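Colleague: could you work out the structure for the sequence below:
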Amino acid sequence: MITQRLEPKLALIEIELPQEAFLESWKPSMLRAPGMDMLKVSLSKPSDMVDHVSVWNWNGSALDEGENAAEWLSKYLSRTSRLVRFDSASQTRATDPNFADGYKTMFSDQFPFMVISQGSLDALNDILEEPIPINRFRPNILVEGCKPFSEDLWKEIKINKLTFYGVRLCSRCKIPSINQETGVPGSEPANTLKGFRSDAILLPNKKSQGQTYVGQHLVCKDCYTENMDKVIQVGDPVYVVQQLSSTAEAAA
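Modeller: Okay, here's the model as predicted:
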């Protein structure tokens, strides 16, 4: 795998996926990057497979998006690259059983979902000399209307009849310190987070690993079914069903 940790310029690749892309008749998605022609990638399932695909300690096969995509990425990154798609029909990548036994993900780092509250970002920006946008942390669920870092405590939430379980606080790597508009790494917010979101402060009963935490990893109880009607959208209310009493109880 190649991530922004190794290639920060990946931040500058833009994906165009309009609302029409969710219609069965829609075929291509478009990728753009500085100095590159637009790349069209079909949403139809590729026919070719490629072996020896690895994400952390997972190894398997994946659907190959073809030579055009491979040449485009290789040229942009100046290194041999291929674009692949997870094939859920033939492959399974389990989440860490120590935190979410019996669940699965695809090509995400660890878990399929992450929630962060707007209040948490606002609290951080109150401290930073230069505010940062939420894209530094890349959650797929952003919640408004709760206190900063309330999401640390959420063990079960419901969104539009879907049940999500909070399984682990998200330890942050170097990517939040990469400007997503320029692809240039910096020292913030990593330095500031060490002062109030480190494991030594949040999890005093556990051995410090030098980590900082923002966000909560989630798994979904109902998401891996054949029922495609289960959708969450901007504006859906979030109901907290169960929560911990303190961050010190959270898994990390």
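
Colleague: what about stretch 145-161, start to end distance?
Modeller: Start-to-end span of stretch 145-161 (C-alpha to C-alpha, to the nearest Å) is 19 Å.

Colleague: for that stretch, buried residues please.
Modeller: Phe149, Ser150, Glu151, Asp152, Leu153, Trp154, Lys155, Ile157, Lys158, Ile159 (16 or more other C-beta atoms under 10 Å). Heads up, the C-betas are built off the backbone N, CA and C, glycines and all.

Colleague: run through the neighbouring helices and strands of the helix or strand of the chain with the lowest mean pLDDT.
Modeller: Lowest mean confidence among the helices and strands of the chain (mean pLDDT, DSSP states H and E): strand 28-32, at a mean of 88. For strand 28-32, the packing partners by 3 or more C-beta pairs under 8 Å, 6 or more residues apart in numbering; DSSP states H and E come out as strand 14-16, strand 39-42.

Colleague: list the contacts of the residue nearest to Asp51 when sequence neighbours are not counted.
Modeller: In space, Asp51 comes closest to Ser61 once its chain neighbours are excluded; the distance is 5.0 Å by C-beta to C-beta, 6 or more residues apart in numbering. Going by C-beta atoms under 8 Å, 6 or more residues apart in numbering, Ser61 touches Met49, Val50, Asp51, Val53, Asp87, Ser90, Gln91.

Colleague: now do the SS call for the residue lying closest to the last one once chain neighbours are set aside.
Modeller: In other words, Gln91. Leaving aside its chain neighbours, Gln91 sits nearest to Gly60 (4.7 Å; criterion: C-beta to C-beta, 6+ apart). Classification of Gly60 using DSSP: H, G, I helix; E, B strand; the rest coil returns strand.

Colleague: before we move on, the earlier item: nearest to Gln110, out of the helices and strands packed on strand 28-32?
Modeller: Of all the helices and strands packed on strand 28-32, the one in closest proximity to Gln110, counting by C-beta to C-beta, is strand 14-16 (21.7 Å).

Colleague: in the least confident helix or strand of the chain, what's buried?
Modeller: Leu31.

Colleague: before we move on, what about stretch 49-64?
Modeller: Val53, Val55, Gly60, Ala62, Leu63, Asp64.

Colleague: got the CA coordinates for the least confident helix or strand of the chain in PDB?
Modeller: Below are the C-alpha coordinates for strand 28-32, written out as PDB (Å, rounded to 0.1, in the frame of the first residue of the first chain):
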ATOM      1  CA  PRO A  28     -17.000   6.500 -14.500                       C
ATOM      2  CA  SER A  29     -15.500   8.400 -11.600                       C
ATOM      3  CA  MET A  30     -12.900  11.000 -12.300                       C
ATOM      4  CA  LEU A  31      -9.500  11.600 -10.700                       C
ATOM      5  CA  ARG A  32      -7.600  14.800 -11.000                       C
END
